[in-house]
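Chemist: Structural data only, the sequence is not supplied:
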C-alpha cells in the first residue's frame, strides 16, 4: 500500500488548553456554554474520550446575565476535544471547562485542508492511536479539499519496537480502490483485536466526492445512496495499518446511521448492526423527503430493529437474526449504544439510547433506554424518558463497567430557534438503570445484570442466564458455535479506576476574538507559507551579511598573505611574505655604513669582476634548494672592488632552482693554500677578507663542508646561495681573500683556514674594515690602486649593499 506520512504536530505543539468558544465572541459576552453537538466522531484511548468534527453550537453568556442566541463558530482552529475520565463534573453546571483540546491545524493556526472540519464520519482507536475516516466537508474556496484517499491519524502512545516517538497527527493514504467518500455509517473500535469497522452509510451516486449540504449546482456531490460496504482497518502495527473493503451480502442491506456493536464472544468477537434507516431526511439539504422516499423508509427501516445483522470477524461470515420481546423499538437512527456483559459472560447486553425515525425532525426524539440481550436477542425497555428531552446525533462511551456517558447531540426543532440539549452530558447507571446528576471517578462498581433483564433471560445479577438462544432458535444453526466459544478476555486491558483531577473555570472574560471568516478568496494556507518563506530568506540574508563582513575584515587584517588551513595567518612567515611581495624598485636598499674617512677622487667607478665558480672547470648539478627558508633571503654580503670598474654582467651566485647549476663542490682532501698577499701596501690581511690574485688560473677551492654537521652544512649552503648584488657588481663569497700583489686584476681563490672547531667552517662576512685598512696609499682595505683625491673630504661610503631577489644587470 502506498503510504505518505506527514508529521503535522509533535507533542510540544499539542498543548492541551481548556475548551471555549473558538471564535465569534460578541461584545459584552463574558462566558460561553456548550449547547449542542451534531454528529461528531469519537473514540476512547485508554482513559480519554477524543471527539472530533461535527457541528458544535455555543450559547454566549452576556454581562447582563442573559444568554444570547446559539451560534456555531465553525471550529476554525480545527480543535479536537478531550474528556479525561479522571475529571469529575456536575451535569447541571457549565461543563465547558472539563474539556481540553488539541489542534489539527499547524501550530494551532486556522484549520485548512490539512486538518479540516468533518461532519459525521468515524474514529477508529486502539490503546495507542486513533484514525479518522469518512464524513462530509463544507465546500469552500478558502482551501482545496483533501484527496480522495486521504485519512488522518493521531498517535497518542508508541507501540511496537522502540522508536523515536512523538505524539501528534500524521496524514496517511488509503490503498488503491478505496476512498474517503462515505458518511453516516456505523463504526466500532475493537482495541483488544486492534481492529476498526465501518458499516454501510451514504455515498454519492457516482461514488465521487461528497460535501455537506450541497446546493442544486453541486447535486452530484450529495451523499444520498446507501453504501453496501464494510470497511476494516487493522491497527496492529503502528504506521503500517492495513485497510480493506468488502461488499455486504445481498441479505444485509445498506443503511444510514445504524449502530455497530462488538460483542466478546467466539475467537475474535462478533459485530452486531442495529437500527439505521434508508432515505433519511438529513441526506437532503432542505431537510425533507418526498412522499415516495418517506413511504419506502417507513416500510424498510423498522426491520433493522426487528432483524439485526451479525458478523463473525474470524470467519468473515454474515448472518441475519430476528429479535423478540414484549416491545420492539420502531425505526431509529442517530442513536448511540454501549455494551455491558454479565460477569460470567453468559449474556451480553447492548444498551441503546436516543435517536429518531430519520424522517421528522420536529417530532419528539427518543429519550428511552432499551437493551438488546444476546444470545437470546430479546429487547427490553429499561428506562422511559420524555420525548421533548430526547436527542439524536450524540455519542456514548463507557468510562466504568456500570456507567454510560452521553455527550452532545441535537434536540428536536419544533420552532424556528435552535434548542440546546440539556444537560449537555448525561450519565446513566447501567446497573441501577437511572440517570445520575454527577460523575465522580472514585465512585463506581462492577456491572451486574439488572433485575428487569434477568426477569426475561433468567439468571442473576452475576450471570447464569438461562435463555441462551433466540426464540425459537438461531436463524442459522452455525451461529450457535459463535456463543459456545468463549472469548479470551485476557486480551481486554482495563485502564480504570482513574484518579480524580482538578478542573478550573474558563469564562474567558478578557478575550473577545473576532469572527473568523469561513469563505475567503485567499487560501488559508497562504499567510503561514509566506511567513515561513520570507523568514527563511531574511535569515539567509543575515547569515550571508555576517559571512561577508567577517571575510572582508580578515582580508583587511591579513592583506594578500596566504592563510593556513585553519583560516589564520602563520605569524612566522609574515616578514618573509612581506619581503617577497615588495617590489624591488620600490623598496630602498638597506645600507651598512662606517665612519672611515675616504679620499675624494674617482672612487665612484667600480671595477667589474666576473664571478668565480668555487670549483675549476666543473659544474655539479644539484637538487633544488631544500634548506630551511631564511627569514631574509638573498642577503649575502660582497666587498667593494677597487680600480676602474664597470657594470658586472654575470651572476656569481643565486638561489638554486630546478634547472640551475651549483658551483659548490666537495673535496676529498685539502688543497694547498697559497700565501696571502698584503692589503694596501703590504699590511697584514684579515683572516676573513677574500684574497685577490691572478685570474688566469683559479686554484681549486678547499672546502671544509664535509666535516660539519648537516645543519651547519645547510647554513653554509644558504650563505653561498643567497648573495646580494652590489652597485659595483663584484660577487664573492665570505671564503674569498685578495691575492698578493693584486690590484684589482682578479680574485685568487684559496681554501679557508681550518677553524678551531672542526664542526664549523669559518664563513664570516666583513661587516667592518679591519684595523689599519684604508690607511695605506690605496685608501681602500680591499685593494690598492685607487687614486687618491687631494681634497681630503670625508665621505660616508657604504661598504656593503643589499638588494632582494635581483641581479643588477646592465
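Modeler: Here it is on my side, so go on. Everything numeric here is computed off the predicted structure, so don't read it as measured data. Residues are numbered from 1 along each chain as shown.

Chemist: Could you point out which residue ranges in the stretch 51-200 of the chain have low pLDDT?
Modeler: Flagging of the stretch 51-200 of the chain using pLDDT under 70 yields the residue ranges 106-113, 141-142.

Chemist: where exactly do the strands run in it?
Modeler: 55-62, 71-72, 79-84, 89-90, 100-103, 118-119, 122-125, 129-133, 136-137, 150-155, 168-173, 186-190, 195-199 (DSSP state E, counting those that start in this stretch).

Chemist: Show me what the second one is packed up against.
Modeler: It refers to strand 71-72. Taking 3 or more C-beta pairs under 8 Å, 6 or more residues apart in numbering; DSSP states H and E as contact, the helices and strands that strand 71-72 lies on are strand 55-62. Just so you know, the C-beta spots here come from the backbone N, C-alpha and C atoms, and that holds for glycine as well.

Chemist: Only the buried residues of the strand it packs on, if you could.
Modeler: Buried residues in strand 55-62, defined by neighbour count with 16 or more other C-beta atoms under 10 Å: 55, 56, 57, 58, 59, 60, 61.

Chemist: and of the strands of the stretch 51-200 of the chain, who's closest to residue 349?
Modeler: Nearest to residue 349 among the strands of the stretch 51-200 of the chain is strand 186-190; the distance by C-beta to C-beta comes to 16.1 Å.

Chemist: Direction included, what does that closest one pair against?
Modeler: Here strand 186-190 is paired, per DSSP bridges, with strand 195-199 (antiparallel).

Chemist: Go through stretch 359-370 and flag the buried ones.
Modeler: 359, 361, 364, 365, 366, 367, 368, 369, 370.

Chemist: now do the same end-to-end measure for it.
Modeler: End-to-end distance of stretch 359-370: 21 Å, with C-alpha to C-alpha, to the nearest Å as the criterion.

Chemist: tell me the mean pLDDT for that stretch?
Modeler: Taken as a whole, stretch 359-370 has a mean pLDDT of 92.

Chemist: Next: stretch 227-246.
Modeler: pLDDT averaged over stretch 227-246 gives 97.

Chemist: buried sites along that stretch?
Modeler: Neighbour-count burial for stretch 227-246 flags 227, 228, 229, 230, 231, 232, 233, 234, 235, 238, 241, 243 (criterion: 16+ other C-beta under 10 Å).

Chemist: do the same with stretch 527-538
Modeler: Going by 16+ other C-beta under 10 Å, stretch 527-538 has no buried residues at all.

Chemist: Can you pull out the low-pLDDT segments for the chain?
Modeler: The chain contains residues with pLDDT under 70 at 1-23, 106-113, 141-142, 284-289, 415, 502-525, 558-810.

Chemist: mind redoing it with 50?
Modeler: Residue ranges of the chain with pLDDT under 50: 1-18, 286-287, 504-521, 560-569, 593-614, 618, 632-633, 635-706, 720, 722-810.

Chemist: got the residue ranges for the helices in it?
Modeler: 291-300, 303-306, 451-457, 480-484, 526-558, 574-581, 710-721 (DSSP state H).

Chemist: Can you tell me which of these is nearest to residue 186?
Modeler: Of all those, it is helix 303-306 that lies closest to residue 186, at 10.4 Å by C-beta to C-beta.
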